[in-house]
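Engineer: Predicted structure and sequence below. I'll ask about it afterward.
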Amino acid sequence: MTELAKEAFTSRNYHLAVELYERCLKQQGSGYEVLLGYGDSLAKCGRIRESIGIYSRCLAATSVPVERLKHLATALLEDMVDAAAISRRRIDASFACSLCEGTLCQPVTVGCGHTYCRNCADSAKNCRACGTKIATVSETNVLVQRLVERWWPREMEASRARHEGDILVRKGHLEQALDRYNLAVHLGECPCYLSLWRCTSVCAS
């Protein structure tokens, strides 16, 4: 089955390769080479966020040579070119928190494989993407964090400022929170947070 998956990938039938690798994972378990092949196939299908989750599993088990990440790098670059010509929304969606919908800040990947901002992940709730119970919140997903820092530093800083504002609001420090929201808006944080910013402004006056 693994050989068939490799042949499908070589033939550029990436969707078939994904299906075959998924069967391999069910039948043979999550071997290193199978996971890498699956991650490569997902990247080639444009399923970047899922592929990053698979690569992260490989990195958790052992080191991955830089050259083995070439398909992920290519997919990211192609995504950026497409976004520059049309819209940046699709790229941002690949690295957006499933809960707050902002750029991932201190990303953590929960048990089901979906990724949230650390401030949004709550072990008492279900995953918003698939409904699975969030049992535990892992350490920061370093691979995702580095990619966001590298390609979207301004958006990440805006998201960080907004999260800091949310924490300050919960602590009752409204004026300080307003400063953080102001920074988030200045850096281009999604306009949907303006309502919270305005509400905080009224409370602080």
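Structural biologist: Sure, I can see it. Numbers count the residues shown, from 1 in each chain.
Engineer: Restricting to C-alpha, output the longest helix that the chain contains in CSV.
Structural biologist: Using DSSP state H to define each element, the chain has its longest helix at helix 153-170. Provided in CSV are the C-alpha atoms of helix 153-170 (Å, rounded to 0.1, in the frame of the first residue of the first chain):
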residue,chain,number,x,y,z
PRO,A,153,4.9,38.9,12.0
ARG,A,154,2.6,42.0,11.9
GLU,A,155,-0.5,39.9,12.1
MET,A,156,0.9,37.8,14.9
GLU,A,157,1.8,40.9,16.9
ALA,A,158,-1.7,42.3,16.4
SER,A,159,-3.2,39.0,17.6
ARG,A,160,-0.8,39.0,20.7
ALA,A,161,-1.9,42.6,21.6
ARG,A,162,-5.6,41.6,21.3
HIS,A,163,-5.1,38.5,23.6
GLU,A,164,-3.2,40.7,26.1
GLY,A,165,-6.2,43.1,26.0
ASP,A,166,-8.6,40.2,26.6
ILE,A,167,-6.6,39.1,29.7
LEU,A,168,-6.5,42.7,31.0
VAL,A,169,-10.3,43.1,30.6
ARG,A,170,-10.9,39.9,32.6
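Engineer: Flag every buried residue along it.
Structural biologist: Across helix 153-170, burial judged by 16 or more other Cβ atoms under 10 Å covers 155-166, 168-169. Every C-beta, even on glycine, is put in place using the N, C-alpha and C of the backbone.
Engineer: what sits against residue 71?
Structural biologist: Taking Cβ atoms under 8 Å, 6 or more residues apart in numbering, we find residue 71 in contact with 39, 40, 43, 44.
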